[in-house]
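*Asks:* structure, please.
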Amino acid sequence: MLLITANLSGQEDAINRIFSLDLGYTRIGLENNGWGLGTGFEHILRDHMALKYGFGHMTFKTNVDDLYCTTVNISIMSNYYFLNSDLRDLYFGMGMATDFLNYFGSGTVPDQTGDTIIYLDSLLGWKYYFHPALMLDLGTGYNWILSNAEYYPSFARYGKGGFFYSIALKIFFSGSGKS
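*Replies:* Residues are numbered from 1 along each chain as shown. Below is the predicted model of the structure:
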């Protein structure tokens, strides 16, 4: 997963809010002959605790001739920052995500054209603030699939459970990341 976020204010204050563009959806879409884009917003609830919300959309070609899939993803995570009271350094997160899938095209469309996938995620990450306008976010975690796609003929190509990693570059937008 590659994220890009932004706040070009250049101040070194506490980081309390981050809005990000999630290019991980773009990567998965391109790998499957499609496209995608996601967004995220994370904010401090109280010292060391944050909530992160995500929204994504992707459309890609399936393994079945002339069958396409479009997805909408909604997620929420709770992150605990061990070393700082703001959004930097070591953190642990737990959360859930849901993908709503819909199939279309002139190929063999399933009788039921909609699927729902539910994930439970855990994440251990490190946000390194190396410049007044930039942050590097490295993470690894585990993704449990609670509810699989029933109708997508080649589900493993898109939705995968198990270990994952993420690499994110975050650029702060003016007024959104600093207090």
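*Asks:* touching the particular helix or strand that has residue 38 in it from outside, list them.
*Replies:* Here residue 38 sits within strand 35-46, counting by DSSP states H and E. Contact with strand 35-46 is made by 3, 5, 16-26, 28-29, 50-60, 71, 73, 79, 85-87, as judged by C-beta atoms under 8 Å, 6 or more residues apart in numbering. All C-beta spots, glycine's among them, are computed from the backbone N, C-alpha and C.
*Asks:* what comes up buried for it?
*Replies:* Within strand 35-46, the residues scored as buried using 16 or more other C-beta atoms under 10 Å are 36, 38, 39, 40, 42, 44.
*Asks:* against residue 71, how distant is the first one?
*Replies:* Right, the one you point to is residue 36. 8 Å (C-beta to C-beta, to the nearest Å).
*Asks:* please compute how far the strand holding residue 38 lies from its chain's middle.
*Replies:* 8 Å (C-alpha atoms, centre = their mean, to the nearest Å).
*Asks:* what do you get for stretch 136-145?
*Replies:* That offset, for stretch 136-145, works out to 10 Å (C-alpha atoms, centre = their mean).
*Asks:* contact partners of it?
*Replies:* Contacts for stretch 136-145 (C-beta under 8 Å, 6+ apart): 3, 93, 117-128, 130, 159-170.
*Asks:* so which bits of it are buried?
*Replies:* Of the residues in stretch 136-145, those buried (16+ other C-beta under 10 Å) are 137, 139, 141, 143, 145.
*Asks:* and the helices in this structure, which stretches?
*Replies:* 24-31 (DSSP state H).
*Asks:* pLDDT weak spots in it?
*Replies:* For the chain, the stretches with pLDDT under 70 are 1-13, 133, 153-158, 171-179.
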